[in-house]
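[1] Task: produce atomic coordinates for the following.
(chains A and B)
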There are 2 protein chains.
Amino acid sequence: MTRLDIRPVPGIREIESGDDLARMIVDAVAADGWEIEDRDVVVVTHKVVSKQEGRIVPIPTEAAYRQLVENESVRIVRRRGDLVIAQTTHGFICANAAVDRSNIAEGFAVLLPVDPDRSAHRLRMLIERATGASIGVVITDTFGRPWRRGLVDVAIGVSGLPSILDLIGTSDAHGNELNVTQVAVVDEIAAAADLVMGKASQIPVAIVRGLNLEGSGRATDLIRPPDEDLFR
Amino acid sequence: MTRLDIRPVPGIREIESGDDLARMIVDAVAADGWEIEDRDVVVVTHKVVSKQEGRIVPIPTEAAYRQLVENESVRIVRRRGDLVIAQTTHGFICANAAVDRSNIAEGFAVLLPVDPDRSAHRLRMLIERATGASIGVVITDTFGRPWRRGLVDVAIGVSGLPSILDLIGTSDAHGNELNVTQVAVVDEIAAAADLVMGKASQIPVAIVRGLNLEGSGRATDLIRPPDEDLFR
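    Here you go, the predicted structure:
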């Protein structure tokens, strides 16, 4: 039976473009007195990955910010006042096309990584090489939901674990086929990790231990294709 | 700094109407060799609460099922083929108005509790009386998302903890006000707990230890009011 241990990784300083993020994570875990182990899932807020990749854009004015949101959007889903719900070049649908002005110096914005699944894969390879452990990596962002107040963290990049657990054909104790057949397990991992990271506490990395997931998926697997979308 | 321990509660048998669910949870934890402690959050899938409350309806035919979904809906949000996205009497927007045919004998469906926040409060009072611990309770269901494939667990009943963490006025390390101001923390707790419960493993209860949340909220706080809803 699964029992989870979710730990924040403290002591990671402000990230700059070109930093060796994998090494910084491994060292921060060691400095905290433990080690990354086989089957650990390393959860990283996208902001540190984006900064490492240099995905920072100056926004001298409010108009420049609004222009940047338009540039990052391939489709505007809804617009009301200053709020834009847009589909990003990756396919994610979220507020302001994920252009973010928090946790960055004033006058700048952080974009998503160009290919977050690839960023997750690269980070996983580097951490695996440094530790010898076979791990998973989830890169997260914070999204709103149309009918529920408040925001939750979701997965935007995945490597080394399945993104969706498919229970099709699985039966319950009554012999009924389960009607919940596809669990967005990496979104649940992203949400769980956020509970120890927090928006204000400057902890950009957490490690989820105890999961026993087989397989591999990508965050883009989570994007609902247009023909399934009832809310276009 | 927060570190979480999330444990499944094994050994809870099939629930029947009138069962003492609080006592069963406390006994199952004791049988597993540990105890519920102050600040633990007890997460329970709504199905066992609904069964305990006798919220079971016979559905002899497919037509009876479809009728039941209509009865449980106050508003149909979208309809395509057999899929109905509806707003329940509580205000939640979800598939089939949360009428569920899994984990119940064939020919029957399980409805949501009449007032899940009240159910959470009652369960919390009974567990607190039995253990002497001051706890939180979250009752969950499994919802889809318009633009993301796969389902995640969310909170539909809350007692003894805040449902939303409001960070309005909080600044990041750069002195910027956070643009993520409201975190749906009970939804993140529901998602985290689902990672150890699982849909097929018949574990309806998990306990999240290590959170340090002050305040109290209700799951109905999470329902976005119509004037904020861009997708009506």
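[2] what's A:P8 in contact with, if anything?
    For A:P8, the contacting residues are A:V196, A:M197, A:S201, A:I203, A:V205, A:A206, B:M1, B:T2, B:R3, by CB atoms under 8 Å, 6 or more residues apart in numbering or on different chains. C-beta coordinates here come from the backbone N, C-alpha and C atoms, glycine included.
[3] now A:E14: how far from chain B?
    7 Å (CB to the nearest CB, to the nearest Å).
[4] Model confidence score at that residue, please.
    For A:E14, the pLDDT comes out at 91.
[5] Could you spell out the sheet neighbours of the host helix or strand of A:V208, each with its direction?
    With elements taken from DSSP states H and E, the one containing A:V208 is strand A:205-209. Looking at strand A:205-209 with DSSP bridges, its partner strands are strand A:4-8 (antiparallel), strand A:41-45 (antiparallel).
[6] Now mean pLDDT too, for those, in a markdown table please.
    Rendered in a markdown table, the data for those read as follows (pLDDT from 0 to 100):
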| stretch | mean pLDDT |
| --- | --- |
| strand A:4-8 | 97 |
| strand A:41-45 | 98 |
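[7] Need the winner for burial among those strands.
    strand A:41-45 (a mean of 27; mean count of other CB atoms under 10 Å in any protein chain shown).
[8] helices or strands up against the worst-scoring helix or strand of chain A on mean pLDDT?
    Of the helices and strands making up chain A, the lowest-confidence element is strand A:165-166, at a mean of 90, by mean pLDDT, DSSP states H and E. For strand A:165-166, the helices and strands in contact under the criterion 3 or more CB pairs under 8 Å, 6 or more residues apart in numbering or on different chains; DSSP states H and E are strand A:182-183.
[9] And what about the residue nearest the centre of chain A, helix, strand or coil?
    With distances taken as CA atoms, centre = their mean, the residue of chain A nearest its centroid is A:T140 (1.4 Å). The three-state label for A:T140, taken from DSSP: H, G, I helix; E, B strand; the rest coil, comes out as strand.
[10] Just the angle for the longest helix belonging to chain A relative to strand A:41-45, thanks.
    Of all the elements of type helix in chain A, the one with the most residues (DSSP state H) is helix A:116-131. Following axes from the mean of the first three to the mean of the last three CA atoms, to 10 degrees, one obtains 130 degrees for the angle between helix A:116-131 and strand A:41-45.
[11] Which residues are in contact with A:G217?
    Contacts of A:G217 were listed using CB under 8 Å, 6+ apart, and they are A:V158, A:L161, A:P162, A:S163, A:I164, A:V186.
[12] typo on my end, it should be A:R80
    B:L230.
[13] what's the spacing between it and A:F231?
    Distance of A:R80 to A:F231, given as CB to CB, to the nearest Å: 15 Å.
[14] Equivalent analysis for A:I168, please.
    With the distance defined as CB to CB, A:I168 ends up 24 Å from A:F231.
[15] okay, these two: which has more neighbours?
    For A:I168 against A:F231, the residue with the higher neighbour count under other CB atoms under 10 Å in any protein chain shown is A:F231, and the figures read 15 against 8.
[16] wait, is that one part of a strand?
    No - checked against three-state DSSP, A:F231 lies outside a strand; its state is coil.
[17] residues near the nearest residue to it once chain neighbours are set aside, how many?
    On the basis of CB to CB, 6 or more residues apart in numbering or on different chains, the spatially nearest residue to A:F231 that is not a chain neighbour turns out to be B:P146, at 4.4 Å. With neighbours defined by other CB under 10 Å, the count for B:P146 comes to 20.
[18] so B:P146, which of the three states?
    Here B:P146 takes the coil state, with states given by three-state DSSP.
[19] From A:L165, how far out is the closest residue to A:I168 other than its chain neighbours?
    For A:I168, the nearest residue in space outside its immediate sequence neighbours is A:T181; the separation is 4.6 Å by CB to CB, 6+ apart. With distances taken as CB to CB, A:T181 is found 9 Å from A:L165.
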